[in-house]
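> Sequence and predicted model, in that order:
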Amino acid sequence: MSYYHPMMYPVMGIGMGLFWLIAVLVVAYLIYKLIKSEKILVPSRPVIRSAEDILSERYAKGELAREQYMQMKEDLKKLQ
């Protein structure tokens, strides 16, 4: 014999509604944090690097000899 109480169903309905509300809010918060942390692909602003930064990076990678680096750096200073 099962026990049935008519007041139990409204309480269960409120509880389930509250559960789903919290679940939706948690998912929305997680999506918000993912977008803010840029862990997912979102269009972003292009990074603009100066010519000196690119030159220094190439020298640090070993793509340029010291003489080439110094000459190019001087050439850039003349252009400014």
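Alright, I've got the coordinates.
> domain assignment for the protein?
When the chain is parsed into structural domains using automatic domain parsing, the resulting residue ranges are 1-44, 46-80.
> Show the average pLDDT along the last one.
Averaging pLDDT along domain 46-80 yields 91.
> buried ones in that domain?
The neighbour-count criterion (16 or more other C-beta atoms under 10 Å) identifies 55, 59, 64, 69, 72 as the buried residues of domain 46-80. All C-beta spots, glycine's among them, are computed from the backbone N, C-alpha and C.
> Tabulate the residues you listed in a markdown table, adding columns for secondary structure and distance to Lys33.
Supplementary listing: the buried residues of domain 46-80 in a markdown table, determined by DSSP: H, G, I helix; E, B strand; the rest coil; distance: C-beta to C-beta, whole Å:
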| residue | secondary structure | distance to Lys33 |
| --- | --- | --- |
| Leu55 | helix | 38 |
| Tyr59 | helix | 39 |
| Leu64 | coil | 42 |
| Tyr69 | helix | 43 |
| Met72 | helix | 43 |
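> of all these, which two lie farthest apart?
Tyr59 and Met72 (8.7 Å; C-beta to C-beta).
> picking up where we left off before, please tabulate the buried residues of domain 46-80 in TSV, including the columns distance to Leu30.
Conversion of the buried residues of domain 46-80 to TSV gives the following (distance: C-beta to C-beta, whole Å):
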residue	distance to Leu30
Leu55	42
Tyr59	43
Leu64	46
Tyr69	47
Met72	48
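> So which residues of the chain form strands?
Ranges of strands in the chain, per DSSP state E: none exist.
> max-length helix in it?
Counting residues, the longest helix in the chain under DSSP state H turns out to be helix 8-37.
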